[in-house]
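Novice: mind folding the following:
(one chain, ligands or ions: 1)
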Amino acid sequence: MRAYDLLEKKKRGEALSQEELHFLIDGYVQGEIPDYQMAAFLMAVCLRGMTDQETEAMTQIMRASGAQIDLAGIEGPTVDKHSTGGVGDKTTLVLAPAIAALGGRMMKMSGRGLGYTGGTIDKLESIPGFRTALSTEEAVAQVNRIGVCILGQSEDLAPADKKIYALRDLTATVDSVPLIAASIMSKKLAVGNQGIVLDVTYGSGAFMKTPEAAVQLAQKMIHIGRSAGRKMAAVISSMEIPLGHYVGNLCEIREAIDTLCGRGPEDLTEVCAELGGAMWALCCDKDRETCREEFLGVLQNGQAFEKFQQMVRAQGGDLDAALEQKAGYTREIRAWKSGYVTHMDTEKIGIAVMTLGAGRKRKEDSIDPLAGLFVAHKTGEYIEGGDLLFRMEASSRERFASAEEILCSAVTMGNDPVSTPPLLYKILH
Ligand code: URA
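Specialist: Purely as a prediction, here's the structure:
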């Protein structure tokens with residue numbers, strides 16, 4: 001077999017067999033196929049697509065390239081969730097303890113933030129002492145004890161995807177439905193959860209720009225998961241506005257706690273109820289509406305927050321110490337005129353928060369856990385000139401000027417009301 005012939009074949013739009021995909025992907029991981037040939041293959045996939053069979057084969061080959069995390073030692077129904085990215089997305093912090101409070105089991109492997117999107121692990125590490133580097137054995141034991149554990153993603157999960165994703169990032173080949181589906185599902189299937197719920201986002205800052213494209217991606221991933229014997233569901237949600245009112249690390253922990261106690265912002269509570277209802281339905285086989293109500297019930301009766309506290313204690317965190325902390329400096333940005341907020345660029349808001357110190361430009365950058373942003377108003381709201389728009393928090397005043405410039409360019413005001421896209425577009429189950 002020659003890589004050159006396979007590139008010719010894909011360029012003509014023909015499907016590659018499982019053996020041919022093996023040859024390319026394994027060869028690339030082993031250094032036998034150079035970057036330029038893999039990049040040509042990825043670009044051909046972007047332009048010509050892949051059949052469902054090819055996408056499934058690519059998923060399985062990348063999944064098999066690293067560790068397989070066996071969760072058979074967990075007693076009870078195991079469920080995972082994955083979001084394709086959001087600004088202010090703190091849903092995992094609410095969902096994992098709430099699912100445990102309901103009787104589900106959640107061993108959630110999460111990542112760190114890079115660029116304009118935050119990471120659950122960074123958020124949790126803003127709690128002094130909270131350990132995220134746990135072995136699988138330790139995490140499984142914790143889940144059997146209290147039902148929940150959130151830990152850093154194993155370095156050895158789908159290494160083929162890691163190498164290919166780094167190349168996609170440099171070669172304008174990220175935004176391909178089959179490549180995104182294979183990439184995400186290779187990592188999800190490497191962990192042995194019985195159920196998986198996908199939160200597929202659309203909008204200006206998301207991989208998928210339209211709800212229709214998000215549905216297409218979700219359907220592909222559902223198909224791949226079901227073919228591998230997993231229970232699957234997906235929620236299609238908008239990323240046109242940040243979720244909740246806070247974007248950062250410790251400030252998102254505070255907002256997640258409010259939500260766990262049943263007093264969170266409406267949009268965040270709504271998305272969590274939809275995702276949580278779908279996750280609990282995969283665990284217990286009751287109808288989704290009942291599961292949604294039961295999910296909201298554990299937020300209201302304090303059980304979800306109790307689970308969160310148990311998880312923080314089990315992983316060495318000091319929640320009281322975390323909640324006492326405050327950023328050294330704050331600066332407000334007020335509306336420069338009266339009118340409707342007609343648009344908010346979520347990606348720019350994410351970049352401003354990174355500029356404040358809450359995120360990383362490069363992988364090796366460190367994070368300021370206290371830096372963050374309060375978003376006072378969202379798209380569609382009418383505000384008076386002089387009303388608070390944003391409150392920035394940081395440990396150094398020098399960060400404010402450039403973040404403020406980005407934030408002012410992220411908001412558009414107008415005289416006429418605008419209709420906002422629905423937060424939840426569709427549920428696929
Ligand atoms: N997230 C992933 O893990 N992979 C992609 O290709 C896109 C988003």
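Novice: for the stretch 1-150 of the chain, give me the ranges with low pLDDT.
Specialist: By pLDDT under 70, the stretch 1-150 of the chain has no low-scoring segment.
Novice: at 80 what do you get?
Specialist: Where the stretch 1-150 of the chain drops to pLDDT under 80, the residues are 85-86, 113-118.
Novice: what parts of it come near the ligand?
Specialist: Residues of the stretch 1-150 of the chain that fall close to the ligand, judged by CB under 6 Å from any ligand atom: T84. For glycine as for every other residue, the C-beta is placed from the backbone atoms N, C-alpha and C.
Novice: near the ligand, which residues of the stretch 201-350 of the chain are found?
Specialist: Contact residues (CB under 6 Å from any ligand atom) of the stretch 201-350 of the chain with the ligand: F207.
Novice: stretch 376-395 - what's its average pLDDT?
Specialist: Mean pLDDT, stretch 376-395: 96.
Novice: and that stretch, what's buried?
Specialist: Judged by neighbour count (16 or more other CB atoms under 10 Å), stretch 376-395 contains these buried residues: 376-380, 383, 389-394.
Novice: likewise for stretch 37-47?
Specialist: By 16+ other CB under 10 Å, the buried positions in stretch 37-47 come out as 37-46.
Novice: for the protein, which residue gets nearest to the ligand?
Specialist: Across the chain, no residue is closer to the ligand than S183, which sits at 3.4 Å (CB to the nearest ligand atom).
Novice: ok, that residue - contacts?
Specialist: Residues near S183 by CB atoms under 8 Å, 6 or more residues apart in numbering: 62, 161, 164-165.
Novice: hmm, which two among these are most spread apart?
Specialist: With CB to CB as the measure, no two of the contacts of S183 lie farther apart than M62 and Y165, at 9.6 Å.
Novice: the two: who's more crowded?
Specialist: Neighbours were counted for M62 and for Y165 using other CB atoms under 10 Å; M62 has more, 28 against 18.
Novice: next up, the contacts around the closest residue to that one other than its chain neighbours.
Specialist: Distances taken as CB to CB, 6 or more residues apart in numbering put S186 closest to M62, at 3.6 Å, once the chain neighbours are dropped. Counting by CB under 8 Å, 6+ apart, S186 makes contact with 58-60, 62-63, 65, 158, 160-161.
Novice: tell me if I am right that R391 is in a strand.
Specialist: Yes - under DSSP: H, G, I helix; E, B strand; the rest coil, R391 sits within a strand.
Novice: which non-adjacent residue is nearest it?
Specialist: For R391, ignoring the flanking residues on the chain, the nearest one in space by CB to CB, 6+ apart is F374 at 4.1 Å.
Novice: could you give the number of residues near the one you found?
Specialist: Residues lying near F374 (other CB under 10 Å) number 18.
Novice: for the residue positioned nearest the centre of the chain, name its beta-bridge partners.
Specialist: In the chain, the residue lying closest to the centroid (CA atoms, centre = their mean) is S83, at 3.5 Å. Beta bridges link S83 to D199 when assigned by DSSP bridges.
Novice: list the contacts for it?
Specialist: 89, 91-92, 198-199, 201.
Novice: just the element for the residue of the chain closest to the ligand, please.
Specialist: If you go by DSSP states H and E, S183 is part of helix 177-189.
Novice: chain center to that helix: distance?
Specialist: Its chain's C-alpha centre and that of helix 177-189 lie 14 Å apart, by CA atoms, centre = their mean, to the nearest Å.
Novice: before we move on, what about stretch 303-316?
Specialist: The answer for stretch 303-316 is 21 Å, by CA atoms, centre = their mean.
Novice: also stretch 319-337?
Specialist: Put simply, stretch 319-337 sits 24 Å off its chain's centre (CA atoms, centre = their mean).
Novice: burial count for G414?
Specialist: 11.
Novice: that one is in contact with S338, isn't it?
Specialist: No - in this structure, G414 is not within contact of S338 by CB atoms under 8 Å, at 10.9 Å.
Novice: got the CA positions of the longest helix along the chain in CSV?
Specialist: If you go by DSSP state H, the chain has its longest helix at helix 266-284. Taking Å, rounded to 0.1, in the frame of the first residue of the first chain, the C-alpha atoms of helix 266-284 are listed here in CSV:
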residue,chain,number,x,y,z
GLU,A,266,-32.4,30.9,34.1
ASP,A,267,-30.4,30.0,31.0
LEU,A,268,-27.8,27.9,32.8
THR,A,269,-30.5,26.1,34.8
GLU,A,270,-32.4,25.4,31.6
VAL,A,271,-29.5,24.0,29.7
CYS,A,272,-28.5,21.9,32.8
ALA,A,273,-32.1,20.6,33.2
GLU,A,274,-32.2,19.5,29.5
LEU,A,275,-28.8,17.8,29.6
GLY,A,276,-29.3,16.4,33.1
GLY,A,277,-32.8,15.1,32.2
ALA,A,278,-31.3,13.4,29.1
MET,A,279,-28.4,11.9,31.1
TRP,A,280,-30.6,10.6,33.9
ALA,A,281,-33.0,9.1,31.4
LEU,A,282,-30.1,7.1,29.9
CYS,A,283,-29.4,5.8,33.5
CYS,A,284,-32.9,4.9,34.6
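Novice: can you show me the helices along the stretch 101-250 of the chain?
Specialist: Taking DSSP state H, counting those that start in this stretch, the helices of the stretch 101-250 of the chain run over residues 120-124, 136-146, 159-170, 177-189, 211-227, 250-260.
Novice: many thanks, have a good one.
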